[in-house]
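In: any chance you could fold what I've pasted below:
(2 chains)
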Amino acid sequence: MTLVTSVWEFIRDNQDRFNDLLFSHIHISASALVIAVLLYVPLGVMFSRMDRIGSSAVGALSSLRVIPSLALVFVFVPWLGFGYRPALLALVLLAAPPIVLNTFAGMRNVDASVIEAAQGLGMSQVQVFRRVQLPLAFPVMLAGVRSASVEIVASATLASLIGVQTLGQYIFTGISLLDTTYLLAGGLPIVALVLLVEMLFGGVERLSTPATR
Amino acid sequence: MVTRRTVIKSSVAVPFAGGALLAAVRPGSIAAQDLTVIVGSKDFTEQFILGNMYIQVLEDMGIATEDSTNLGGTQIAQQALEAGDIHLYPEYTGTGLTEVLGLSVDDVLGGGATPEASPVAEATPAASGDASQAVYDAVKTAYMEQFGLVWLERSPANNTQALAVKRAFSEENGITTISQLAEMAGDLIISAPADFPEREDGLLGLQRVYNSGFADIEVLPVAPGLKYQALQDDQAQVVLAFGTDGQIAGFDLVVLEDDLSLWPPYNIAPVVRQEVLDAYPDVEARFNDVTTSLTDEVLSDLNWRVDGDAREDPADVATAYLTDNGFIGG
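Out: Residues are numbered from 1 along each chain as shown, chains lettered A, B, ... in the order given. Model (predicted):
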C-alpha cells in the first residue's frame, strides 16, 4: 500500500515528465498498431486465398515470434540509426505474426458450405467476401489485433534503448538504481494501458458479433 | 560410515598434500610467504585488464596467484574481499565513497566547499586534484577503520562520468568545458543510457549545477553499448562517457572538463587485505609503480585494444603494457 502511495506521489511530483513519457508511449504504440492493421490484415486475407504458398508464408511469418522483442528492436538500427522510425518499424514488425496468422485462420475457417450457400444466392465474389467471409472471420481477426496491441504496448518500453523516450525511461532507471518506485512508475501505467486496450477490444468484439450468438 | 571414512581419508591426505605443495611450489621459502593471492575484479573491460595486471605483477614476483576476476558488481566484490574469498581487487575512490561507505562528496569536502570555490576564479585542475586526494584519503581511512582493508596508491586516471564530443565539434565551437557546453546545450542532442534523464548524477545534476542550456537539451536514450554509435552517426553531438572508455581514444573524442565538479572523482587503486602486505611487503611498491603510471589516456588506450576492432584479450593487453614499461620481466 505504501509502495503504491509512493509511486503515486512520485508521478504527481513529476507530472510533466510523466505525461510526456506516457504520451510518447501511447503515440508510438498507437501508430504502430494502425500501420500494422493496415498492412497485415490485407496480407492475411491475401495469404488465405493462396493455396499452399499461403500457409507456408504464414508459417514463415509466425517464426518471427521466436525472436525476442529485445533483439527485434535493434534490427533496423544499422540502416535507420536511432530514433522514432526504427523503433516504429520494429514495433510494426513485432505485430506481424498475431495479426497475419489470425486473419489467415479466420478467413480459412469460414465454413465452405456457408460460402457455397452465399454463392448459390447469387452473390458476387466481392459480396461473398464483404458480407459473409469478413463478418464471420472478424472475431478471430480481432483477437489477433488484440494480442498484437498488447505486445506493442509492452514492447514500446524497449524503444528507450534506441532513442525514443517512453515509459521505458522509468523502468530502465529503476533497473540501474534498483529502485522500485521508478520500476512501478513505469510498469504500472503500462499494465493500466494494456488492460484499457483489452477492455476496448473486448467491447468491440462483443458489439461486433451478435450474429453468432 | 561415510563420514568416518571421509574423515580418516582426509586426515591422512591433507598433511601429504600440504607437504607436497610446500615442497614443490616453493622450496626453501618460509611458511608465511606461501599465501596464494586470490585476485578479483568487477565485470567490465577495465577491471579485467587491471585484475590481470595485478596477477602478472604478483607472478613476476614469484607469488602464487588464483584468478577470480569477473565477479560482478561492486557489492559482490566488496563482500568477497571482506570475507577473504579474494585478497584484492581494483576499485574506484568515488565508488568506494558512495556505494560502499554510503557517503557523498560533500561529506568529505565539507558542505561549504561548493559555494566557496567560485566557479570561474579558481584554477580548476588544481581544485579537482584536491578533491581526488580528499576523497582518496577519506576512503583509505574509512576502509581501514571499518574493514581493515588497505587502499594502495591511487591512479592519476579518473574514470568519472563525463560528457564527450567529437574533436571537430570541440574545435569548431571552442568548447572544452561543460560550462561552455551548457551555453549552447539547448540546441544539442545527447546520447546516453535510458536512466540518464532521471538521475541526480545524470541530467538532473547537470541541470542543477550547470543550469542554463541543460534544461532544453534533447536526450537520445540508447542501450549503453550504443552510446558512441549515435555520436558516430551524427545523431547526437554529445555523449555521456566514462573517463577511461576506450572509445574516447578510439574515436578521437574530447572529454569536456567538469569545471563545476558535478561528479566525484573516480581514481583507481587496488584494495588489498592486510595479510597480503604482511606476507609480501614488496607488493605495495610494485603495485604503486604500476598504478601511478595509469593516466586517463593510458587506460583509454588499453580499454580500446579490448573493446575496439582489435578485440584483444585483456590478459594480453596487460602483459604488453607491463612488459613495455618494464613493470615485469625486469
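In: ok, the residue nearest to residue A:50 when sequence neighbours are not counted to residue A:178 distance?
Out: The shortest distance from residue A:50 to any non-neighbouring residue, by Cβ to Cβ, 6 or more residues apart in numbering or on different chains, is to residue A:57 (7.5 Å). Heads up, the C-betas are built off the backbone N, CA and C, glycines and all. Counting by Cβ to Cβ, to the nearest Å, the gap between residue A:57 and residue A:178 amounts to 45 Å.
In: check residue B:82 too.
Out: Counting by Cβ to Cβ, the gap from residue B:82 to residue A:178 is 20 Å.
In: these two - which one has more neighbours?
Out: Here residue B:82 and residue A:178 are set side by side on neighbour count (other Cβ atoms under 10 Å in any protein chain shown), and the busier one is residue B:82, at 15 against 8.
In: check whether the strand or helix carrying the more buried one comes into contact with chain A.
Out: Following DSSP states H and E, one finds residue B:82 within helix B:74-83. No - using Cβ under 8 Å from any Cβ of the partner chain, no contact is recorded between helix B:74-83 and chain A, whose separation bottoms out at 10.1 Å.
In: pull out the buried positions in that helix.
Out: Using 16 or more other Cβ atoms under 10 Å in any protein chain shown as the test for burial, helix B:74-83 gives B:74, B:77, B:78, B:80, B:81.
In: ditto for stretch B:227-236
Out: Residues of stretch B:227-236 classed as buried by neighbour count (16+ other Cβ under 10 Å): B:227, B:228, B:229, B:230, B:231, B:235, B:236.
In: what's the distance between that stretch and the middle of its chain?
Out: Counting by Cα atoms, centre = their mean, to the nearest Å, stretch B:227-236 is centred 25 Å from the centre of its parent chain.
In: just the CA coordinates for it, please, in CSV.
Out: This file holds the C-alpha atoms of stretch B:227-236, laid out as CSV (Å, rounded to 0.1, in the frame of the first residue of the first chain):
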residue,chain,number,x,y,z
LYS,B,227,26.1,5.4,-26.9
TYR,B,228,29.1,6.1,-29.2
GLN,B,229,27.4,4.7,-32.3
ALA,B,230,24.8,7.5,-32.1
LEU,B,231,27.6,10.0,-31.9
GLN,B,232,29.5,8.5,-34.8
ASP,B,233,26.3,8.5,-36.8
ASP,B,234,25.9,12.2,-36.1
GLN,B,235,22.5,11.6,-34.5
ALA,B,236,23.9,13.2,-31.3
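In: that one and chain A in contact?
Out: Yes - looking at stretch B:227-236 against chain A by Cβ under 8 Å from any Cβ, the contacts come from B:229, B:230, B:233, B:235.
In: contacting residues around the third one?
Out: If a contact means Cβ atoms under 8 Å, 6 or more residues apart in numbering or on different chains, then residue B:233 has A:81, A:82 as its contacts.
In: phi first, then psi, for it.
Out: Comment: the main-chain dihedrals of residue B:233 come out as phi -80, psi 0, following degrees, to the nearest 10.
In: quick check: it vs residue B:97, distance?
Out: When Cβ to Cβ is the yardstick, residue B:233 and residue B:97 sit 36 Å from each other.
In: number of residues surrounding residue B:151?
Out: Using other Cβ under 10 Å: residue B:151 sits among 21 other residues.
In: meant to ask about residue B:216
Out: Residue B:216 has 11 neighbouring residues, counting by other Cβ under 10 Å.
In: what do you get for residue A:203?
Out: Residue crowding around residue A:203 was assessed by other Cβ under 10 Å; the count is 10.
In: check the offset of the helix or strand it falls within from the chain's centre.
Out: Under the criterion DSSP H and E, the helix or strand holding residue A:203 is helix A:180-208. Averaged C-alpha coordinates place helix A:180-208 at 12 Å from its chain's average position (Cα atoms, centre = their mean).
In: now do stretch A:85-95
Out: Between the mean C-alpha position of stretch A:85-95 and that of its chain there is a distance of 10 Å (Cα atoms, centre = their mean).
In: can you give me the domain boundaries for chain B?
Out: As assigned by automatic domain parsing, chain B contains the domains B:35-158+B:267-324, B:161-255.
In: would you single out the least confident of those?
Out: Mean pLDDT across the domains of chain B is lowest at domain B:35-158+B:267-324; the value there is a mean of 88.
In: can I get the helix holding residue B:82 as PDB, trimmed to CA atoms?
Out: Taking C-alpha atoms only, helix B:74-83 is exported to PDB below (Å, rounded to 0.1, in the frame of the first residue of the first chain):
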ATOM      1  CA  THR B  74      30.700  -3.500  -6.500                       C
ATOM      2  CA  GLN B  75      28.700  -5.100  -3.700                       C
ATOM      3  CA  ILE B  76      29.700  -8.600  -4.700                       C
ATOM      4  CA  ALA B  77      33.400  -7.800  -5.000                       C
ATOM      5  CA  GLN B  78      33.400  -5.900  -1.700                       C
ATOM      6  CA  GLN B  79      31.700  -8.800   0.100                       C
ATOM      7  CA  ALA B  80      34.100 -11.300  -1.300                       C
ATOM      8  CA  LEU B  81      37.000  -9.100  -0.200                       C
ATOM      9  CA  GLU B  82      35.600  -8.700   3.300                       C
ATOM     10  CA  ALA B  83      35.000 -12.400   3.600                       C
END
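In: which residues sit against that helix?
Out: Surrounding helix B:74-83, the residues in contact under the criterion Cβ under 8 Å, 6+ apart are B:40-42, B:68, B:71, B:86-89, B:91, B:95, B:99-100, B:147, B:149, B:271, B:273.
In: for the helix or strand just after that helix, what is the distance to the chain centroid?
Out: From helix B:74-83 onward toward the C-terminus, using DSSP H and E, the following helix or strand is strand B:88-92. Going by Cα atoms, centre = their mean, the spacing between the C-alpha centre of strand B:88-92 and its chain's C-alpha centre is 7 Å.
In: any residue of the helix or strand following strand B:88-92 touching chain A?
Out: Later in the chain than strand B:88-92, the nearest helix or strand by DSSP H and E is helix B:93-95. No - Helix B:93-95 lies apart from chain A when judged by Cβ under 8 Å from any Cβ; the minimum separation is 14.2 Å.
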